[in-house]
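Asker: After the sequence you'll find the predicted model.
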Amino acid sequence: MKQIDCLCLGISLLDLTISGFDVDFFNRDNVPIDGIYSFAGGDATNQAIILNRMGLDIQLNALIGKDDIADVLTAKLMHNGLSLKSLRTSEEVKTSISIIFVKDNGKRNIISQRGNNYEFDETHIDFKAIKNARALSIGSIYGCIKLEPNGIKKALKAAKENGATTFADLAEDKRNEKLNGLKSYINLIDYFIPSYDQASDITGETEPEKIIKRIKNIGARNAILKLGETGLLIDTEDFKGHINGFKTGKIVDTTGAGDAFLACFIYSILDGNGVKKAAEFAACGAAVSCKFMGANTAPLSMELINDYMKKGHG
């Protein structure tokens, strides 16, 4: 019997978020503002926190340092109710910080420090946890360069050998591997769910339909392309088509919306739903997440998301 619902493997760091940012700030010597926050962050971390908040049994498999930033990060992880059993630490790495500049319209720009996530390799993978998980989520491919390609392939293979459902997002292609970097293991990913910008970069295509086609041509079983506010383009075994984005009022912060989508999609799939229903649920969850400052602070639940869905979408 599986002991955990999902292992979230990949990026973990500390987010420092500045809200109400204006580029004119850089022209001033001192800018006093109210909106400076710190959060646990990173793709795998965001997914883990949201899934845990939604009631699933989650493990976060990431590498962090043994420094003061790591102390703050682990305190925030524990505050969010996450177990640290699969978290790996090393005195030889520096725990990373991202500085996130959020504009009044909710759009953001991120400056990330190199550090622990660049050193996460296959020796840090918790294979025991993978064997005891119903699902494995890679957050994100190309996010931890030393996992490519062997570490990710071994993790995915272990998951499939033990009957787990596998999910993966996509980060910036730091090594310029493009599609070639995915070919050896993309067939082991049950649901490949990249955002438009990253997918466009690795395929060299700008039209969503051509992006999906290129991804499917290298062996992807089920591909879902996140298109931001405009919704999703889906090409899977049980549903093909476009799903509109949801509108939930004022956008506060778009940071982590893609991670919220993936977390909600995983939740719905593990709850036994088909792709279309799961994608609609996840699209709404991602939109709701943008109403809150921070990548994983929205109080997402099945009840809250279903309530928003009843109100319709645009």
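Answerer: Okay, I see it.
Asker: A168 reaches L188, doesn't it?
Answerer: No. A168 is beyond contact range of L188, at 9.2 Å (criterion: C-beta atoms under 8 Å). Where C-beta positions appear, they are placed from N, C-alpha and C, glycine not excepted.
Asker: Show me which of those two is the more surrounded one.
Answerer: A168 (26 against 21; other C-beta atoms under 10 Å).
Asker: Secondary structure element for the more buried one, which one?
Answerer: Secondary structure assignment for A168, by DSSP states H and E: strand 165-170.
Asker: Per-residue pLDDT of H313, please?
Answerer: For H313, the pLDDT comes out at 53.
Asker: Sorry, slip of the keys, the one I care about is F25.
Answerer: For F25, the predicted pLDDT is 85.
Asker: now the helices for the chain?
Answerer: 43-53, 68-79, 116-119, 127-131, 150-161, 196-203, 208-217, 257-270, 275-289, 302-310 (DSSP state H).
Asker: Can you name every helix or strand that the third one contacts?
Answerer: In terms of contacts (3 or more C-beta pairs under 8 Å, 6 or more residues apart in numbering; DSSP states H and E), helix 116-119 is packed against strand 63-65.
Asker: Next: the longest one.
Answerer: With contacts taken as 3+ C-beta pairs under 8 Å, 6+ apart, helix 275-289 sits against strand 223-226, strand 232-235, strand 240-243, helix 257-270, helix 302-310.
Asker: Pull the residues that contact the first one.
Answerer: Counting by C-beta atoms under 8 Å, 6 or more residues apart in numbering, strand 223-226 makes contact with 191-196, 199, 208, 211-212, 215-216, 232-236, 258, 261, 265, 275, 279, 286, all of which sit outside it.
Asker: wait, doesn't D15 sit right on S96?
Answerer: No. Using C-beta under 8 Å, D15 is not in contact with S96; the gap is 9.9 Å.
Asker: Return the backbone torsion pair for P149.
Answerer: phi -90, psi -20 (degrees, to the nearest 10).
Asker: And for D238, the neighbour number?
Answerer: What D238 shows, counting by other C-beta under 10 Å, is a neighbour count of 9.
Asker: So what pairs up with the closest residue to T165 other than its chain neighbours in the strands?
Answerer: Setting aside the residues directly before and after it, T165 is nearest to A135 in space (C-beta to C-beta, 6 or more residues apart in numbering), at 4.7 Å. Beta-bridge partners recorded for A135 (DSSP bridges): C6, T165.
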